[in-house]
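Please find the sequence and the predicted model below.
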Amino acid sequence: MTIETPVFEETAVEVEPARGPMDWVRKNLFNNWYNTLLTLVLAALFVWVVQAVVRGLLGADFEIIRVNLRLFMIGQFPLDELWRPWAATFLIAILVGVVGGSLAATARDRAEEAGLPFVETTFRQILGRFWPIIALVVVILAFTTTITPTLLTLVAAALGAGAYYLGRVLPRAVRRWTWVIALLLIVATYLALAGFEGVGWDDWGGLHLNLFLTLAGLMFAFPMGLLLALGRRSSLPVVRTISVTYIEFVRGVPLITILLFGALAIGFLIPNDLRPGLVTRMLIAITLFEAAYIAEVVRGGLQSVPRGQVEAAQAVGLAPWKTMRLIVLPQALRATIPAMVGQFISLFKDTTLVAVIGVLELLDATFIVNSQPSFLGKGLFVLTLGFAALVFWVGSYTMSRESRRLERKLGVGER
């Protein structure tokens, strides 16, 4: 018996040579006559726009921004209390540094326990992630008339860097209580602004107020939206009906209507001695509105979790609340990152609507300063609106970039 050995024929594989930038340009931009024409037209349009912007910036008078910079940033905050925003800035820098350093150290420890390599975040990578914010701070400091804000900003940066290093070297037992440290720093930040006969919410304004309404609105709306999403999937008819009715009603009403309701109607529903301030009522309205949208985002994430995950948890004897907390919610919230960040960006921009109620925020300040006698009738709306647009773009773009980075890190959309 003869066993024949199979013969494999060798085939030549052509290796495509590496292509340089000019090859890519020739292949994608000038590969035929209509792509060539479109490329030339768009290139000419781009050059014209850049030249117009550069000429406008070089010939513009930024005095209106320089004079009213404090109004843009903190509104009508009392002059004798300006130390409070800087104290809050220092505390926030420490908060961000400690939390960031603690999270990095925890990730390092988990990688070492799993036997995986851990790559330290370099200073260059930090600059690459947050260059829009750094550039915006530089632009804002360029409009200041004294060196004091620059020095205080450098102090805040040094405190943040020192807190980051501290968070990296904290023992693991201490890092477990990082959330307590963060909570204490948040309380201290609020006390620095409003405590000890400080400046209440109703006297805040400018970008400071936009950021406060965004962060506080998310902090209160997220747990409420989570409960509404769970209530909509509840097996109890009463809970499910109430959740569905609330979500569908609020999502069918514009935010400006909810804000008007908060400004006018809430005052009639609460006694005069307990009636909250205008900014507090705006915060309540934003929380009620955002909770309905967050509930729908979370519900979409809950529906993406396979039924087999729940059945497996039930098979090993997990209680329903443990199944939801340990199995379902981690996977659901991971899947909602893109939509959730989109909702956060939308809220950041929607905080400008409080100007309709008479609350001074950044966008409203851009119109008010053009009514000052020194700048009336000079047509400087382009400068002030451009400055506000730059601030909102930096905040939105940074959140979007961090969202994409978190998605890649968690593998959202990958199997």
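Received it, and whenever you're ready, just let me know what you need.

C-alpha from now on. contacts and neighbour counts both.
Fine.

Asp61 in helix, strand or coil?
Classification of Asp61 using DSSP: H, G, I helix; E, B strand; the rest coil returns coil.

so how far is Ala319 from it?
Separation of Asp61 from Ala319 (C-alpha to C-alpha, to the nearest Å): 66 Å.

Let's test this: mean pLDDT of stretch 134-154, rounded?
Stretch 134-154 shows a mean pLDDT of 93.

which residues sit against that stretch?
Outside of stretch 134-154, the residues within contact range by C-alpha atoms under 8 Å, 6 or more residues apart in numbering are 65-66, 69, 86, 127, 390-391, 394.

Return the subset of these lying in helices.
65-66, 69, 86, 127, 390-391, 394 (DSSP state H).

Among the contacts of stretch 134-154, name the buried ones.
Neighbour counting with 16 or more other C-alpha atoms under 10 Å marks 65-66, 69, 86, 391, 394 as buried within these.

nearest to Ala173, of those residues?
The nearest member of these to Ala173, counting by C-alpha to C-alpha, is Trp86 at 31.7 Å.

which ones are touching that closest one?
Contacts of Trp86 (C-alpha under 8 Å, 6+ apart): Leu152.

Quick one, grab the pLDDT at it.
94.

Check Ile294 too.
On the pLDDT scale, Ile294 gets 95.

Surely it touches Leu230?
No - counting by C-alpha atoms under 8 Å, Ile294 sits too far from Leu230 to count as a contact (11.5 Å).

of the two, who's got more company?
Neighbours were counted for Ile294 and for Leu230 using other C-alpha atoms under 10 Å; Ile294 has more, 26 against 18.

count of residues packed around the nearest residue to that one once chain neighbours are set aside?
The shortest distance from Ile294 to any non-neighbouring residue, by C-alpha to C-alpha, 6 or more residues apart in numbering, is to Gly225 (5.1 Å). Per other C-alpha under 10 Å, the neighbour tally for Gly225 reads 27.

roughly how far apart are Gly225 and Arg334?
16 Å.

try Thr178
Taking C-alpha to C-alpha, one finds Thr178 at 22 Å from Arg334.

before we move on, what about Phe392?
26 Å.

And Trp201, by the same measure?
For Trp201 relative to Arg334 (C-alpha to C-alpha), the value is 34 Å.

And the two? Which one has more around it.
Arg334 (18 against 15).

same question for the helix or strand containing the residue nearest to Ile294, mean pLDDT?
Using DSSP states H and E, the element containing Gly225 is helix 206-232. Per-residue pLDDT over helix 206-232 has a mean of 93.
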